[in-house]
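Asks: make a model of this:
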Amino acid sequence: VTVSVLYCSSSNMGGGNGAKSANARARNQAKADAAGKASTAETRKNHEVAKNAHQCSICMAGFPRTVKQPELQQHIDNKHAKAGKGIKECFPTFSA
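Replies: Got it, this is the predicted structure:
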């Protein structure tokens, strides 16, 4: 009798996290659908432009518009030390 009770109670226990996972997937999909509407070709294009706002005239490496002068100077020192050019020559669009 106790074996059948244990067997019966063990089959009712648990249930796993399948329902939790399904609900989480549904919530995340709803979030993605709502957020996906904001992303258009125009916003992606604007993001790419902002990502490569300053471009090195020697090697065409792109830097974001939030880059600071020391980082650009480090790029010049590491990549173009032999060229003997400064920030204005390498990054004409950058203004300190």
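
Asks: quick one: the strands in this structure?
Replies: For the chain, applying DSSP state E gives strands covering 54-55, 62-63.

Asks: tell me the mean pLDDT over the helix with the most length in the chain?
Replies: Secondary structure of the chain per DSSP state H: the longest helix is helix 18-36. Helix 18-36 shows a mean pLDDT of 85.

Asks: quick check, pLDDT for Phe94.
Replies: For Phe94, pLDDT reads 89.

Asks: about what we covered before: and of the strands of the chain, who's closest to Lys20?
Replies: Minimum separation from Lys20 across those (Cβ to Cβ) falls at strand 62-63, 42.9 Å. (Glycine included, C-beta is placed from N, CA and C.)

Asks: quick one: contacts for Ser57?
Replies: The neighbours of Ser57, taking Cβ atoms under 8 Å, 6 or more residues apart in numbering as the test, are 89-92.

Asks: any idea which of the residues you listed has the most stuff around it?
Replies: Within these, neighbour counts (other Cβ atoms under 10 Å) peak at Phe91, which reaches 24 neighbours.

Asks: pLDDT score for the residue nearest to that residue when sequence neighbours are not counted?
Replies: Spatial nearest neighbour of Phe91, excluding adjacent residues (Cβ to Cβ, 6 or more residues apart in numbering): His54 at 5.1 Å. Note on His54: pLDDT of 91.
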